[in-house]
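**Q** predicted structure and sequence below. I'll ask about it afterward.
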Amino acid sequence: MDGFNDLGDFAPATIDELLALAKRLETHPEPRALEGKVLALLFLSPSLRTQTSFQAAMGRLGGSSFIVRPDLGIHGLEMRSGVVMDGDTAEHIREAIPVLASYGDVFGIRAFANKASLEADIEDRDFEMLRELSTVPVINMESAIRHPCQSLADWKTMDDIGVPRAGGKFVLSWANHPKALPLAVPASTVHMAAMRGMDVTVLRPEGFALPDAVMARARTAAEVSGGSVRESDDPRDALSGAHVVYAKAWSSASTYGVAEADAELKKDLGSWCVDDSWFDGAAEDCRFMHCLPVRRGVVVTAKVLEGPRSVVIQQAGNRMRVQMAVLHEILAGQEAL
Ligand code: CP
């Protein structure tokens with residue numbers, strides 16, 4: 001494997017192999033498998049789970065890691081091309097990435113959407129530029145439109161708790177949020193559930209449909225897997241018989257990058273907070289999923305979050321397990337530098 005950027009880069013059989021490897025490493029630990037290997041981690045955006053789960057994953061396999069973040073006393077990073085650097089920034093990303101890559105065997109990068117252009121973010125142009133600067137395999141730790149490690153962990157979580165693939169009803173629901181959040185998680189999640197062969201409903205109020213390109217990609221994945229993808233603006237309709245409700249806030253495509261307009265669009269949508277009543281017509285054992293971090297009382301009630309339907313802690317735990325499989329697949333067998 002020469003990197004990990006998008007679940008769609010892999011055949012379903014390869015996804016199953018990765019999940020099987022994650023399971024094997026759970027039951028048969030390999031504490032020396034990545035001895036001598038180094039994981040470089042660059043966080044241009046905040047994180048709790050991703051940074052710690054990658055460090056823990058590398059440690060459990062006998063390797064080591066280092067983290068670089070803007071708040072760690074590094075020189076101010078310049079991301080723009082073609083600028084004269086006579087302001088606050090002292091180091092260009094075009095040097096920083098190859099330098100950091102030269103210290104590692106694999107490189108994890110996180111860079112959220114800058115929201116200057118929906119089209120550019122859907123094409124992940126900024127992240128593609130960063131990826132091309134690395135001389136070692138890159139793991140996408142969340143970019144403008146992708147969060148493949150989260151999606152693989154979510155797939156594993158559903159396998160672990162017995163959510164059916166074929167015939168499984170998956171609802172990705174928009175949720176209220178004070179901020180205009182990016183599209184990486186909803187775009188990756190709808191695609192993952194479609195790849196998994198599930199019957200997927202994207203539930204969202206008027207004005208918050210996912211971009212056409214995101215929906216089209218999910219529908220293509222469903223055609224291959226035997227699943228289906230539809231949209232609804234009616235929670236009762238969407239949740240009827242659902243096995244999973246996956247809540248996530250995302251910004252409107254129509255107001256993309258304009259936070260005030262997004263806030264105006266959702267000013268009366270406070271009821272889009274998942275509570276017990278959402279599950280009235282769902283499958284009896286319907287589960288609640290969220291990638292975390294999550295705002296209590298805004299996205300979901302504390303009662304649902306802490307109740308028996310919620311698998312958010314398992315999802316977060318599986319981040320480490322699937323990332324161990326990804327790191328093992330990329331690095332085991334490579335010669336150390
Ligand atoms: N789900 C997720 O990626 O969490 P962090 O932003 O805390 O890394």
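**A** On my side now, so go ahead.

**Q** output stretch 30-37 as PDB, restricted to C-alpha atoms.
**A** In PDB, the C-alpha atoms belonging to stretch 30-37 read as follows (Å, rounded to 0.1, in the frame of the first residue of the first chain):
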ATOM      1  CA  GLU A  30       2.700  -7.500  17.200                       C
ATOM      2  CA  PRO A  31       4.600  -5.200  19.500                       C
ATOM      3  CA  ARG A  32       7.800  -5.300  17.300                       C
ATOM      4  CA  ALA A  33       6.200  -5.200  13.800                       C
ATOM      5  CA  LEU A  34       7.200  -1.600  13.100                       C
ATOM      6  CA  GLU A  35      10.400  -1.400  15.200                       C
ATOM      7  CA  GLY A  36      12.700   1.300  13.800                       C
ATOM      8  CA  LYS A  37       9.900   2.900  11.700                       C
END
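
**Q** just the buried positions in it, please.
**A** Across stretch 30-37, burial judged by 16 or more other C-beta atoms under 10 Å covers 33-34, 37. Glycine gets a C-beta too; all of them are placed from N, C-alpha and C.

**Q** how many residues are close by residue 138?
**A** If you count neighbours by other C-beta atoms under 10 Å, residue 138 ends up with 25.

**Q** so what's the backbone phi/psi at the residue in the stretch 151-300 of the chain that the ligand sits nearest to?
**A** Here the residue of the stretch 151-300 of the chain nearest the ligand is residue 291; by C-beta to the nearest ligand atom that distance is 4.0 Å. Backbone torsions for residue 291, taken as degrees, to the nearest 10, come to phi -80, psi -20.

**Q** which SS class is residue 171?
**A** strand (DSSP: H, G, I helix; E, B strand; the rest coil).

**Q** report the beta-bridge partners for it.
**A** residue 201, residue 245 (DSSP bridges).

**Q** which ones are touching it?
**A** 200-201, 203, 238-239, 242, 244-246 (C-beta atoms under 8 Å, 6 or more residues apart in numbering).

**Q** end to end on stretch 268-277, go ahead and measure it.
**A** 19 Å (C-alpha to C-alpha, to the nearest Å).

**Q** go through that stretch and flag the buried ones.
**A** 269, 272-274.

**Q** mind putting those residues into a markdown table with distance to residue 46, secondary structure and pLDDT?
**A** Listed next are those as a markdown table, based on distance: C-beta to C-beta, whole Å; DSSP: H, G, I helix; E, B strand; the rest coil; pLDDT from 0 to 100:
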| residue | distance to residue 46 | secondary structure | pLDDT |
| --- | --- | --- | --- |
| 269 | 25 | coil | 97 |
| 272 | 24 | coil | 98 |
| 273 | 23 | coil | 98 |
| 274 | 24 | strand | 98 |
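
**Q** and residue 229, that one's in a strand?
**A** Yes: if the criterion is three-state DSSP, then residue 229 is within a strand.

**Q** my guess is it meets residue 216, correct?
**A** No: judged on C-beta atoms under 8 Å, residue 229 makes no contact with residue 216 at a distance of 9.4 Å.

**Q** higher neighbour count, the two?
**A** Using other C-beta under 10 Å, the more surrounded residue of residue 229 and residue 216 is residue 229, with 24 against 12.
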